[in-house]
Structures are given as structure tokens and as C-alpha cells.
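[1] Have a look at this prediction, sequence included:
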Amino acid sequence: MNAVLDQNVNQELLLKLLKQRSSKAMEVLYDQYSSVLFGVIRKMVPEEKKAEEILYQTFTFIWNNYESFYPEQQSICLWMIGIARKLSLKSIPHQSQKNLNELIGRLNESGMSKEKVVMEVVLVHGVKAKQLLHQAGIPERDLKLILHDYLSQMKNAIGNP
């Protein structure tokens, strides 16, 4: 069996084959990560058809811009999630101050911790950190710690300490 078709393919081999523009490597990448990326996109873009378009755009971007990926800086999963998030954010309208107030209010009322509210607002709803600092009155140092802790947890969860 071709090693590229193996779902447990060595990450290093997969990256090498992608660099060589192997369509089989792209198939493996899609099989391994499309559900994760689609989940990230759907949290930000509830419309399924639009989310599917963004997933397609994400993999097209990955194929066309693979040389901009640096494995020594981050895992391929984090790189792809970043691309999916950026493309998703481009597709949703900018949060107005009134909408942001309502969103923060709803999340606070739901009983979420301050940390979870911050992550929901920044990562899922695409609110800029500076806007959140101003609107929610969270000290900048606290926001940086929350984001750092969350990203560390995310890296550990996907196996990139």
C-alpha cells in the first residue's frame, strides 16, 4: 500500500510530498483535517453552504501557498486553522459596538467563565482583541494571559507542545 494513502502517514513524509505538489498528499491532508477545519469554520459561519465554500477556499489556498508554511514555526494543523479562520472572518460582517455588547452580555449570562467568554468572542466571533479590551474592560495583561493559556492548551491538544 502506498504510504501516502495510509491515514497514519508520517507527518514529515506528508510535508515532503506536499512540497513536491503530490495530489495524493493533498488527499491525505484533506482526509485528516477537513472535519477539524470545517468545525472551526462552522463555529464562525453557521450557513452550511457558505462554510463548505470557505473549506474549499482553505484547501485551495493551502495548495497554492504551501511554500509559505514553515514547519519549524508551527504544526500544519495550526497553520491550516489560521487560514480557515482568516477566510471565515472575511466572510462575516464586522461586529458593531451594539452587537458586541449584546454578544458579551449573552455569553456572560450563560454562566461562562471570563476566559471562555474571551475565547468565544475573539476566536469564534472574530472580534479584535483591542476592541474587546475597550468594550469589555478586560485589562490587556489579563487578555494576553488568557489567549496565551488557551493557545498553549490548543497546541498540546493537537500534539505540538
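    Right, received. Where do you want to start? Numbers count the residues shown, from 1 in each chain.
[2] Residue 148: how many residues sit nearby?
    10 (other C-beta atoms under 10 Å). C-betas here are computed from N, CA, C, even on glycine.
[3] How far off centre is the one helix or strand it maps to?
    Here residue 148 sits within helix 140-157, counting by DSSP states H and E. Taking the mean of its C-alpha atoms, helix 140-157 sits 14 Å from the chain's own mean (C-alpha atoms, centre = their mean, to the nearest Å).
[4] Show the average pLDDT along that helix.
    Helix 140-157 carries an average pLDDT of 75.
[5] That one packs against which elements?
    For helix 140-157, the packing partners by 3 or more C-beta pairs under 8 Å, 6 or more residues apart in numbering; DSSP states H and E come out as helix 114-119, helix 129-136.
[6] Pick out the shakiest of those, pLDDT-wise.
    Looking at these, the bottom one is helix 129-136 with a mean of 68.
[7] how far away is residue 103 from residue 141?
    23 Å (C-beta to C-beta, to the nearest Å).
[8] the more surrounded of these two?
    Set residue 103 next to residue 141 and count neighbours by other C-beta under 10 Å: residue 103 wins out with 18 against 8.
[9] Can you read off the pLDDT for the more buried one?
    70.
[10] Let me know the secondary structure of the nearest residue to residue 48 once chain neighbours are set aside.
    Among residues not flanking residue 48 along the chain, residue 42 sits closest, at 7.4 Å (C-beta to C-beta, 6 or more residues apart in numbering). Here residue 42 is recorded as helix under DSSP: H, G, I helix; E, B strand; the rest coil.
[11] same thing with residue 73?
    Applying three-state DSSP: residue 73 is coil.
[12] and it, how many residues sit next to it?
    Residues near residue 73, counting by other C-beta under 10 Å, number 8.
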